[in-house]
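>>> here are the coordinates; sequence isn't available:
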């Protein structure tokens, strides 16, 4: 039934997918959280309201979110080569993955912060806290369940992005599905890669749900 499946190749592709997912998710969180905080703080009526800055950030975020990821992959090829020295493999996939996911995650972080009760901010201000202190000690801890839930959604989106990255030779399960499952009509290879991607998505969702539940009951 799986005569065309090279399990060594499947294992290697799975590791590549996990490396792309881990590297891009980590950098997405590193860039996405500060960007989401800035979007929140610079909004109307917020702690550091700045309409001009908010408009610029919103425009950039909206533009990047509106570009289909497959197009972003191609457009960013020169930038990717400049940053990491190659547009192929795991290293070549991470820059476009981060650029595609960070704006999306930033909006989720901003939404999580907006859902925090205004009383939390007012209490911090009443105690003489600075904007930085209020964000770090009050807003982020209160919004943590939403931020983690957003990270889970983003991680699952990144799984699909890594599969699409196989189109430009990024490696991973997507590349394997395209080269063998699609171009060589090896249906068994396609089935195995799809099942592995489904298992990965389910595992990420379960892990994310447990983390959200753990921080929600602190």
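Perfect, I can see it now. All values reported here derive from a predicted model rather than from experimental measurement.
>>> so residue 40 touches residue 50, yeah?
No - contact criterion C-beta atoms under 8 Å: residue 40 and residue 50 do not qualify, at 11.5 Å. No exception for glycine: its C-beta is placed from N, CA and C like everyone else's.
>>> if you count what's nearby, which of the two comes out ahead?
residue 40 (23 against 15; other C-beta atoms under 10 Å).
>>> host element of the more buried one?
Using DSSP states H and E, residue 40 maps to helix 7-41.
>>> show me what counts as buried in that helix.
By neighbour count on 16 or more other C-beta atoms under 10 Å, the buried set for helix 7-41 is 10, 13-14, 16-17, 19-21, 23-25, 27-29, 31-33, 35-41.
>>> which helix or strand lies directly C-terminal to that helix?
helix 51-66.
>>> the following helix or strand past that following helix: which residues count as buried?
Next helix or strand after helix 51-66 toward the C-terminus (DSSP H and E): helix 69-75. Buried positions in helix 69-75, judged by neighbour count with 16+ other C-beta under 10 Å: 69, 72-73.
>>> for helix 69-75, give the mean pLDDT please.
In this model, helix 69-75 has a mean pLDDT of 90.
>>> over to stretch 45-63?
91.
>>> what residues sit buried inside it?
Neighbour counts over stretch 45-63 (16+ other C-beta under 10 Å) mark 46-47, 54, 57-58, 61 as buried.
>>> now the residues you listed in a markdown table, with distance to residue 147?
As requested, those are exported to a markdown table (distance: C-beta to C-beta, whole Å):
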| residue | distance to residue 147 |
| --- | --- |
| 46 | 17 |
| 47 | 18 |
| 54 | 20 |
| 57 | 18 |
| 58 | 19 |
| 61 | 17 |
